[in-house]
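Visitor: Need a 3D model of the following:
(one chain, ligands or ions: 2)
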Amino acid sequence: MYRFFMANNLTFSIIKPDAVSRHITGKINSMIENAGFSIIAQKLIRITKEQAQKFYDVHQDKPFYEDLCNYISSGAVVVQVLKKENAVADYRKLMGATNPANAEEGTIRKKYAISIDQNSVHGSDAEDTAEREISFFFSKTELVGC
Ligand code: CDP
Ligand code: MG
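Guide: Ligands and ions are numbered 1, 2, ... in the order given. A predicted model of the protein is given here:
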């Protein structure tokens with residue numbers, strides 16, 4: 001893991017397989033950009049099961065861990081780095097609640113999520129998590145946006 005200067009301006013996002021397979025990456029990116037975020041790095045990848053297990057290791061004791069790792073590695077995803085003042089908190093707000101049934105109007109999950117597991121997007125939950133998650137998928141030189 002590498003460290004950032006002014007890390008509170010960055011967060012890590014995944015557009016999950018349910019959204020990429022429904023061809024709504026562009027619509028989600030529109031919501032992200034309309035909310036004032038800059039997408040400073042982005043790539044379409046397929047996460048391996050092993051990467052998923054590492055990425056989600058904080059959930060390894062949860063009953064949904066195995067299904068979650070299988071799901072996130074089941075198809076293409078878009079991983080991205082978003083920049084904005086208060087990026088972590090503001091992106092959590094834009095995403096909405098984990099369960100779309102509880103998500104507020106105007107949030108990505110309210111609009112697009114199918115269920116609590118196929119909930120279209122991931123966002124870091126704290127600044128130190130954002131640093132860990134960004135460096136998990138991106139090298140420093142890949143953060144090219146402004
Ligand atoms: O993604 P978020 O931070 O809102 O939720 P989380 O508690 O960190 O859980 C990570 C992911 O696990 C969620 O986004 C869901 O995809 C999945 N999950 C699930 O399938 N069933 C649950 N009861 C809770 C979470
Ligand atoms: Mg989380």
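Visitor: Let me see the ranges of the strands in the chain.
Guide: 10-15, 38-45, 77-83, 121-123 (DSSP state E).
Visitor: for the third one, packing partners?
Guide: For strand 77-83, the helices and strands in contact under the criterion 3 or more CB pairs under 8 Å, 6 or more residues apart in numbering; DSSP states H and E are strand 10-15, helix 17-21, strand 38-45. Every residue, glycine included, has its C-beta placed from N, CA and C.
Visitor: same question, the last one
Guide: Contacts defined by 3+ CB pairs under 8 Å, 6+ apart place strand 121-123 against strand 10-15, helix 87-95.
Visitor: ok now that strand, how far from the chain's centre?
Guide: 3 Å (CA atoms, centre = their mean, to the nearest Å).
Visitor: Could you report the pLDDT at the residue nearest the centre of the chain?
Guide: Per CA atoms, centre = their mean, the C-alpha nearest to the average position across the chain is that of S13, at 2.4 Å. Per-residue pLDDT puts S13 at 98.
Visitor: residues from the chain in reach of ligand 1?
Guide: Applying CB under 6 Å from any ligand atom, we find that the chain lies next to ligand 1 at 64, 68, 98, 116-117, 119, 122, 125.
Visitor: Mind putting those into CSV with pLDDT?
Guide: Formatted as CSV, the residues of the chain next to ligand 1 follow (pLDDT from 0 to 100):
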residue, pLDDT
F64, 98
L68, 98
T98, 98
I116, 98
D117, 97
N119, 98
H122, 98
D125, 98
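Visitor: so where's this protein uncertain?
Guide: Residues of the chain meeting the criterion pLDDT under 70: 2-7, 146.
Visitor: who's in contact with T11?
Guide: Shown in contact with T11 (CB atoms under 8 Å, 6 or more residues apart in numbering): 81-82, 84, 87-88, 91, 123-124, 130.
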